[in-house]
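*Asks:* dropping a prediction and its sequence here:
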Amino acid sequence: MATVSLRAQFARASEIATVLFASEFHWLVEALGLSACVSPRCRFVCAFRPKQQCPHHVAMDRPLPDRMRAVLERLGPTFVKAGQMLALRPDYVPLEYAEALRSLHDDVPPFPGEQAARLVEEELGKPLSQLFTEFEREPFAAASLSQVHHALLPDGRAVAVKVQRPGIGEQVERDLALLAFLARRLERRRPEALAFRPSAAVAEFAEYTRRELDFRREARTAERVRGLMGGEEEVVVPTVDWERTSQRVLTMELLEGERPAPAEQLREQGLDPEALLRAGARAMLRQIFVHGLFHADPHPGNVLLLPGDRIAFLDFGMFGRLDRRTRRRMGFVFWALVAGEYEAVGEQLLRLSTLRPGADPAGFRSAVSETVEEWFGARSEEYSIARLLLRELALGAGYGVVFPRELLLLARSLVNLESTAAVIDPGLSLAELARPLLPELRRALLLDPKALEEAWRENRFEYFDLVLDLPDLVPELAQRLRDGSTPARQPPDHRPSHGWLGLAGGVLAGALVARLLTRRR
């Protein structure tokens, strides 16, 4: 991790405070305790010459949420990434800000191709001529952390080479250190901000950004998804060239296809829009609810439509993971929303949450019910179960109900999937796409011998432990049955702890799994 000087930190804090102040986010400057860092010249212009355009003004003609998005773009790559993460976490910021931040983009000019070539050689330890027969110096895509070049391998295969921006790691570490300091300062100065967990948000962002800066993680995720979806002929994930991949260089198969476009344009290219929509929806739902490893950002720029009505997923820098229990519970929520069984949604969501001290789960249930009722009273073209799910998860912050990051990633992934589908067919909703897939979703959620075997493999030592404890548990259980006593009941809004009943249930479950496996063998 890079060491950051106090002088550099102060200069950066002054830049941030000045841009925020000039763009009329005075309250945030004050809350962060950065008033002293605001440029005196900016203060003078804003106070005494309001009609004069200050060089630090940003998007003054836009509403505050959109202006905040423009401010983050102005402050550079780290803040763009922070805004993109906040767009995934409406429990950290008001929903209107999270929605505005969805359209954050990396408006960054490319860096010189010669620098990219030198970095590739340094990272891979060979001259460029030995690695590629051709390497186009001009990138065909550029973003805040990297840019992508066309290249040809010695065997003639075309590849895309993703190269990290020089010095971006040091720049990100500088900003992360400053953000962590500001988050702690905000919590000390404004205790009411603790409800939105500033330090936790920065820690999560730091982890997410450092992970994205290691291209080997992205490569491993792409390979894993490729393996999981190997039986799906209509789904393509580009292969990784591991010989030419490192922490700061990622080389992958170059796919040629069409970007999502209106249905008529796709038909002119010989593609079937309906088949592509079905393939994309099935692929995402299987990634989420069957495999538990999913592309968390399937926006139009990360999706490619290939001949044969196949769909390709690109850029696995942002992904989500769900364990078996969580994806089953979220599968129930999604199933209920698509099938129109709305009463159970709030209760199922609570089972996935953590309750903070003073939480109001009953209030959360009531708010969810009101939101669902209001949403389904809207016009059909405004209806979106993906946005409804995201809105319900966002409600939790106000009631002390905290959801894991992965669930908000899942909701945002579904919103992006729906937005991508809308490029092809603006009138289509995720509910329409998913309804034909409900039978497959039900089969995936219900227990089968394979799922039981997986549960046995993952939990066999716990089952063995329960069986060995059974002689000590049976007398206690018998005594309770004779006395008619039961363990103290937990409040209905909290998940029960593991008591004697849970242990006995675990023993029975383990015995059932063991018997089934014995029969199969």
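*Replies:* Yep, that arrived.
*Asks:* worst-scoring helix or strand of the protein, pLDDT-wise?
*Replies:* Of all the helices and strands that make up the chain, helix 500-520 has the lowest average by mean pLDDT, DSSP states H and E, namely a mean of 45.
*Asks:* which residues of this structure fall in strands?
*Replies:* According to DSSP state E, the chain carries its strands in the segments 134-135, 141-142, 146-152, 158-164, 235-236, 249-253, 293-295, 303-306, 310-313, 319-321, 354-355, 401-402.
*Asks:* out of those strands, nearest to Leu395?
*Replies:* Taking CB to CB as the measure, these were each checked against Leu395, and strand 401-402 came out nearest at 7.8 Å. Bear in mind the C-beta positions are built from the backbone N, C-alpha and C, glycine included.
*Asks:* okay, now the sheet partners of the closest one, with direction.
*Replies:* In its sheet, strand 401-402 lies beside strand 354-355 (antiparallel), with partners assigned from DSSP bridges.
*Asks:* so what's the gap between the strand it pairs with and the chain middle?
*Replies:* Computed by CA atoms, centre = their mean, to the nearest Å, the separation of strand 354-355 from the middle of its chain amounts to 20 Å.
*Asks:* burial of the closest residue to Arg391 other than its chain neighbours, as a residue count?
*Replies:* Nearest in space to Arg391, with sequence neighbours left out and distances taken as CB to CB, 6 or more residues apart in numbering, is Thr371 at 5.9 Å. Taking other CB atoms under 10 Å as the criterion, the count of residues near Thr371 is 17.
*Asks:* wait, Thr371 sits on Leu388?
*Replies:* Yes. Between Thr371 and Leu388 there is a contact under CB atoms under 8 Å: 7.2 Å.
*Asks:* distance of the residue nearest to Arg391 from Leu466?
*Replies:* With distances defined as CB to CB, to the nearest Å, the gap from Thr371 to Leu466 amounts to 41 Å.
*Asks:* which non-adjacent residue is nearest the residue most central in space within the chain?
*Replies:* If you average the C-alpha coordinates of the chain and look for the closest C-alpha using CA atoms, centre = their mean, you land on Leu409, 3.2 Å from that point. Leaving aside its chain neighbours, Leu409 sits nearest to Gly320 (3.9 Å; criterion: CB to CB, 6+ apart).
*Asks:* kindly report the same for Asp272.
*Replies:* Per CB to CB, 6+ apart, closest to Asp272 is Asp309, 4.9 Å.
*Asks:* ramachandran angles for that neighbour?
*Replies:* According to degrees, to the nearest 10, the main-chain angles of Asp309 amount to phi 60, psi 40.
*Asks:* what sits opposite Leu304 in the beta ladder?
*Replies:* Applying DSSP bridges to Leu304, the residues it is bridged with are Ala312.
*Asks:* quick one: contacts of stretch 143-161?
*Replies:* Stretch 143-161 is contacted from outside by 76-77, 80-81, 106, 108, 110-111, 113, 116, 120, 132-142, 162-165, 168, 212-213, 215, 238, 241, 244, 249-254, using CB atoms under 8 Å, 6 or more residues apart in numbering.
*Asks:* can you say which of the residues you listed are buried?
*Replies:* In terms of neighbour count (16 or more other CB atoms under 10 Å), the buried residues within the contacts of stretch 143-161 are 76-77, 80-81, 106, 108, 110-111, 113, 116, 120, 132, 135, 139, 142, 162-165, 168, 212-213, 215, 238, 241, 244, 249-254.
*Asks:* now stretch 12-22, how far from the centre of its chain.
*Replies:* Remark: stretch 12-22 is offset 29 Å from the chain centroid, using CA atoms, centre = their mean.
*Asks:* touching it from outside, list them.
*Replies:* Counting by CB under 8 Å, 6+ apart, the neighbours of stretch 12-22 from elsewhere in the structure are 26, 28-29, 32, 34-35, 37-39, 42-43, 46, 54, 56-58, 71, 74-75, 174-175, 178, 182.
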